[in-house]
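Enquirer: Below is the sequence, then the predicted model.
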Amino acid sequence: MILAILDDLMFTSKIRTTAQHAGATIAFARSSQGALDQMRAEAPSLVIFDLNNPRTDPMGTLAAMQADASLTAIPTLGFVSHVDTATIDAARAAGIGTVVARSAFATNLADILRGTP
């Protein structure tokens, strides 16, 4: 199961549709606490973050994952506007595994969901 933390309807729809075609199981969380609760209930194979959406508190969620020994090994990937270098740097400092531009995320989504980015 892959967990996506976002509340953007366009990306939610795109991820859901692509996951169905790729044969991937996807779950969604719209808040940091909801995401952390889901991760603790069932460790996902990947957590996807919309790094440009402060409503989902991606940096806080990453920090909470780093502080919880049961969550630190979960792979993470964040997508972000390629010109938002401050967010990219903050995500890397917070411990994100991979950062990709929004356009690259959209283009490579099927491979990402299959585990072959």
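Expert: Right, received. Where do you want to start?

Enquirer: List phi and psi for residue 80.
Expert: Recorded main-chain torsions at residue 80 are phi -160, psi 160, according to degrees, to the nearest 10.

Enquirer: quick one: the closest residue to it other than its chain neighbours from residue 43, how far?
Expert: In space, and not counting its chain neighbours, residue 80 is closest to residue 51: 4.0 Å by CB to CB, 6 or more residues apart in numbering. (Glycine included, C-beta is placed from N, CA and C.) Residue 51 sits 21 Å away from residue 43 when distances are taken as CB to CB, to the nearest Å.

Enquirer: Look at these two and report which has more neighbours.
Expert: Counting neighbours by other CB atoms under 10 Å for residue 51 and for residue 43 shows that residue 51 has the greater number, 26 against 14.

Enquirer: where does the more buried one land on pLDDT?
Expert: According to the predicted model, the pLDDT of residue 51 comes to 96.

Enquirer: quick one, phi/psi of it?
Expert: In this entry, residue 51 is assigned phi and psi values of phi -70, psi -20 (degrees, to the nearest 10).
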